[in-house]
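*Asks:* Show me the folded form of this:
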Amino acid sequence: MSDLMKKIRKNSTNPYIDKLMDSQLLDRTDLIQTDIPALNIALSGDVCGGFGSGIVTIAGKSKHFKTLFALEMTKAYLQQNEDAILVFFDSEFGSPREYFKSFGDATDRILHVPVTTVEEFRTEMMNQLEGLSRGDKVVFMLDSIGNLASMKEFDDAVSGKQTVDMTRAKVVKSIFRLITARLKLKDLTLFTINHT
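*Replies:* Predicted coordinates for the structure are as follows:
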């Protein structure tokens, strides 16, 4: 490393600053492989690949097994990391316990977090991300972001207002701006289910 590069690195307060080729944040060697080869191809372009940290969104029509695909990926994560935890943010309450039977003993490592608004999810997710460190073995799943109302939508419904909610889209964009980089920095994965 050149003296100038060392000087720049010393001037930084960023704990992740590193030479590009040495950056641990760009490393894709720790992919989690699922038991479904076609799913591994879809996630990484490699039959022996899988998923890494960051956000994986599964979008589709109702009753097209989006949740089961996400559960297959979270199960693979829990199987590869015996001390890992799944934080399951649930806004639909449509995933019966039977869906989780294939997890075996890993069901004891699943936290169920009911959420009803995008603001509630944002707060819960940010609290988790701020409290976790790189190396903590946690995977997140939100089923589904499409089913979360905004607080304004809720308040309007309670008060009988018929106005259109223009805040929800802004809050959803805010969520992804806030969490995308933090997930990568902490080597964590979030699976989101959405409807089309």
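*Asks:* residue ranges of the helices in this protein, please?
*Replies:* 3-11, 37-44, 66-80, 118-131, 151-159, 168-185 (DSSP state H).
*Asks:* now these in CSV, with mean neighbour count, mean pLDDT and distance to F89?
*Replies:* In short, each C-beta sits where N, CA and C put it, glycine included. Formatted as CSV, the helices of the chain follow (neighbours: other CB atoms under 10 Å; pLDDT from 0 to 100; distance: least, CB to CB, whole Å):
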stretch, mean neighbour count, mean pLDDT, distance to F89
helix 3-11, 10, 87, 37
helix 37-44, 16, 90, 21
helix 66-80, 20, 90, 11
helix 118-131, 16, 94, 6
helix 151-159, 14, 82, 17
helix 168-185, 15, 91, 11
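*Asks:* would a markdown table of those helices with distance to A59 be doable?
*Replies:* Below are those laid out as a markdown table (distance: least, CB to CB, whole Å):
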| stretch | distance to A59 |
| --- | --- |
| helix 3-11 | 40 |
| helix 37-44 | 13 |
| helix 66-80 | 7 |
| helix 118-131 | 16 |
| helix 151-159 | 21 |
| helix 168-185 | 13 |
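*Asks:* nearest to L86, of the ones you listed?
*Replies:* helix 66-80 (5.1 Å; CB to CB).
*Asks:* Can you list the neighbours in contact with that closest one?
*Replies:* Contact partners of helix 66-80, identified using CB atoms under 8 Å, 6 or more residues apart in numbering, comprise 32-36, 39, 43, 50-51, 56, 58-60, 84, 86, 94-95, 99-100, 102-103, 106, 109, 139, 141, 143-144, 189, 191, 193-194.
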